[in-house]
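Trainee: Give me coordinates for this.
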Amino acid sequence: MFHKLHKKMTLFCISVTGFILIALSCTCLFFAESNMKRNSYTSFLKEANTVILHLQGETAISHQWLNQLHDSSNFRIYLYDNGQELFYQQLHNSTSSQEKQQETVLIDKVLKLAEKDYQLNIFQGTSSLLPVHEEFSVEDEYKRGYYASAGIIPKNNGNLSFILLFPLINQEHQILSLRFFIFIADILGIVLLTFFSWFFTGKMLIPLEENRKKQTQFVASASHELRTPLAVILSAAEALNKADSKEEQTHFIKIMAEEGKRMQHLISDMLLLANSDSKHFHLQLDTCQPDIILLSVYEKYEALAKRRQISLLLSLPDKILSDCNCDRERMIQMLSILMDNALSYTPENGQVTLSLNLSSAGKYRFCVADTGAGIADSEKKLVFERFYRSDNAHTDKEHFGLGLCIAKEIISAHKGKLWVEDNNPHGSIFFIEGAVGK
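Mentor: All right, here's what the predicted structure looks like:
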């Protein structure tokens, strides 16, 4: 399921980011091409004006100047003295019959466009004393683009007509190169985005996959824990129907009640964790004294510790502590979980210590220390997992492996932390810090 979801999320990320990348590239390409065309047209106008001014100021057009213009610029210039083509053009313009025909077709097209769109016939006289010219774009029969300038320059002995053509082949090559570069950059970008999206969505799905595994494990463990008391209840009910004496019936009813209470306890713990997972774990915060909380827990377990022949000690700081803001019942519940574990895994003549002090950061620190078997380093983090018990056979009927997990949820809701360390020479110490502040 997660593999298919991984593919779909990757495809979605690639589609969205790829569309944005292509859209931005097309936008940048559009403005870049527009800027290139505008700069090219501005350059054409400047050079065309320079040529027109030179033609206007000269009484005779020298071959040397025409040669320099032909060699130093991209212009093709066609001059007509009172409608007659200059001899220079026959020498320097296209020599082959095919090129000559192509030029003739292009020039005819320029003349028709000038007359049709701008009402300018360069072979007719003009009453103006200043040059008359128009600039526009034109294409030849092969769709090759040109900027064209067609006009008339009045002279003393008549009119000098001209056509200036500026080929756009360099501009078109630049635009094609830019498009190719943008295309390659987009392809590389999409390839990199593919790898990134695959990696990124994979990282995003890891917590979901882990949560699903934990959920599956939680359901399996809960089913296993519920199966045992349920089987005992069913067996006791069957035996109860067959029991003859009052004592036997009472015995089986007692067994059913005890197992029912175990199931009720387990279900309550599971509901608490479910509320925690769904962010419905609410606290009733109020001002209370931390030492009173510790005293309440001590009094609650004092008699139990005496019956089990375990020494229960209480350690409080010498100075009076200020009140704290916390959920008193939840704090007692959390400390009770730690006390249940401590008394369960501490042998006779052992010792359990409840203490309270201030950490170096000025936060309250509750401690529950025992002299039991201790917890291996490899299990110090696992003990806070759901249904985890060092007794892998699950023979301990007093604990389901949910207590420490619930304690951790309570302290997390208080924005604190819970951890365990070794208690020298043997045993464990559970620390609660930051759950409440001054």
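Trainee: Helices along the stretch 301-438 of the chain, start to end?
Mentor: With helices called from DSSP state H, counting those that start in this stretch, the stretch 301-438 of the chain shows them at 328-345, 403-413.
Trainee: nearest to residue 3, of the ones you listed?
Mentor: Distance to residue 3, taken as CB to CB, is lowest for helix 403-413 among those, at 29.7 Å. C-betas here are computed from N, CA, C, even on glycine.
Trainee: So what's the model's average confidence on the closest one?
Mentor: What helix 403-413 shows for mean pLDDT is 83.
Trainee: after the lowest-mean-pLDDT helix or strand in the chain, next one along is what?
Mentor: Least confident helix or strand, the chain: helix 87-92 with a mean of 61, by mean pLDDT, DSSP states H and E. Moving toward the C-terminus from helix 87-92, the next helix or strand (DSSP states H and E) is helix 97-118.
Trainee: now residue 333: how far from residue 420?
Mentor: Separation of residue 333 from residue 420 (CB to CB, to the nearest Å): 18 Å.
Trainee: same deal with residue 344?
Mentor: 15 Å.
Trainee: Neighbour count for these two, which is higher?
Mentor: Shown here are residue 344 and residue 420; by other CB atoms under 10 Å, residue 420 has more neighbours (19 against 14).
Trainee: quick one: the more buried one and residue 427 touch, right?
Mentor: No: taking contacts as CB atoms under 8 Å, residue 420 lies outside contact range of residue 427: 10.6 Å.
Trainee: Now do the contacts for residue 160.
Mentor: Residue 160 is in contact with 55, 61, 79, 80, 81, 152, 153, counting by CB atoms under 8 Å, 6 or more residues apart in numbering.
Trainee: okay, among those residues, which ones form the most distant pair?
Mentor: Among those, the pair separated by the greatest distance (CB to CB) is 61 and 152, at 14.9 Å.
Trainee: Compare neighbour counts for the two and give me the winner.
Mentor: Using other CB under 10 Å, the more surrounded residue of residue 61 and residue 152 is residue 152, with 22 against 17.
Trainee: From the contact counts, what lies against whichever strand or helix holds the more buried one?
Mentor: Using DSSP H and E, residue 152 sits within strand 145-155. Here strand 145-155 touches helix 2-57, helix 97-118, strand 132-139, strand 158-167, helix 169-242, going by 3 or more CB pairs under 8 Å, 6 or more residues apart in numbering; DSSP states H and E.
Trainee: winner for burial among those?
Mentor: With neighbours taken as mean count of other CB atoms under 10 Å, these reach their highest mean count in strand 158-167, at a mean of 21.
Trainee: for the record, mean pLDDT for that one?
Mentor: On average, strand 158-167 scores 89.
Trainee: ditto for stretch 238-253
Mentor: On average, stretch 238-253 scores 81.
Trainee: With stretch 201-209 instead?
Mentor: Rounded mean pLDDT across stretch 201-209 is 83.
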